[in-house]
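1. here's my sequence, what's the structure:
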Amino acid sequence: MPPAAPTWDPAQYLRHAGHRARPFADLLARVPGLPGEPPRIADLGCGPGNVTALLADRWPTARITGYDNAPEMLDRARADHEGPTPGGGRLDFAPADARTWTPGEPHDLIVSNATLQWVPGHVERFADWVAGLKPGGVLAFQVPGNFDAPSHRLMRVLADAPRRRDRLAGTLRHADAVLGPAAYHERLTALGCTADVWETTYLHLLQGEDPVLDWVMGTGLRPVLTALAGDPEAREDFLAEYRQALREAYPAGPHGTLFPFRRIFAVARRESR
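-> Purely as a prediction, here's the structure:
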């Protein structure tokens, strides 16, 4: 039986909202002008909607829909951000799964922020998404590229311990959850797009006690927390061991805890002719 889909905690995710939003802002900065006015925009994996709202700042008249398959995230997004935008556009949210979602109308921009790593085989979805763009439209996304970092490697090692292996088998992603920049570039140009692909390693300076654990509890650790939700003792046992391992891998310094985080970005423009 495959592992249960992770449950999400919007409040936990938003605890590091400033750091998490920066890559999305950097991605949008490389998106060229869109062909339509007002533009039609989709955000795949919108989460609690805080970065989806940034799309309305860049394109004030846009009709924007954020899609997510986590009810907890959609509830928070609707409560905080849904409705008319100050520039005359509209921001809505709807349930959808990136594994199957296909544009129902031509779009000017399809964007995804730190979501596709959760979608096995997501590169096979690119053709449908590019086909759903208007000529001159854009597919833009960023994904974590840090699956070999201590934060994720230690998580996998602990999940594979004999006393946990059966319960946690298949819950965690590995380095093949995403492709490298060159592979993304090849896939996108093969679809007739002009592609701009790059990578960046952010050095996040985190504050507070065990801040790296606090970070991953909002994202990468969700499958483990979901699998152990019915066994508080096993959950606390895992967290205690993982907490100590993270303290050693990411020691606190005089100004905070430095957390390097590699991300991969792609902006692909469909040919206008």
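
2. let's verify Leu139: helix, strand, or coil?
-> strand (DSSP: H, G, I helix; E, B strand; the rest coil).

3. doesn't Ala131 make contact with it?
-> No. Taking contacts as CB atoms under 8 Å, Leu139 lies outside contact range of Ala131: 10.4 Å. C-beta coordinates here come from the backbone N, C-alpha and C atoms, glycine included.

4. so the two - more neighbours on which side?
-> Neighbour count, other CB atoms under 10 Å: between Leu139 and Ala131, Leu139 has more, with 27 against 13.

5. for the closest residue to Leu154 other than its chain neighbours, pull up the helix or strand it's in.
-> Nearest residue to Leu154, sequence neighbours excluded (CB to CB, 6 or more residues apart in numbering): Ala245, at 4.6 Å. Taking DSSP states H and E as the criterion, Ala245 maps to helix 232-249.

6. that helix: what's the following helix or strand?
-> That would be, after helix 232-249 and using DSSP H and E, strand 252-253.

7. returning to that earlier point: burial of the residue nearest to Leu154, as a residue count?
-> 18.

8. can you pull the contacts of it?
-> Pro150, Leu154, Leu158 (CB atoms under 8 Å, 6 or more residues apart in numbering).

9. measure the residue nearest the centre of the chain to Gly192 for me?
-> Centroid check for the chain by CA atoms, centre = their mean gives Ala114 as the closest residue, at 1.6 Å. As judged by CB to CB, to the nearest Å, Ala114 and Gly192 stand 26 Å apart.

10. what ranges do the strands span in the stretch 51-200 of the chain?
-> 63-68, 83-84, 90-95, 107-113, 133-144, 193-206 (DSSP state E, counting those that start in this stretch).

11. can you lay out those strands as CSV showing mean pLDDT?
-> Rendered in CSV, the data for these read as follows (pLDDT from 0 to 100):
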stretch, mean pLDDT
strand 63-68, 97
strand 83-84, 96
strand 90-95, 97
strand 107-113, 97
strand 133-144, 97
strand 193-206, 97
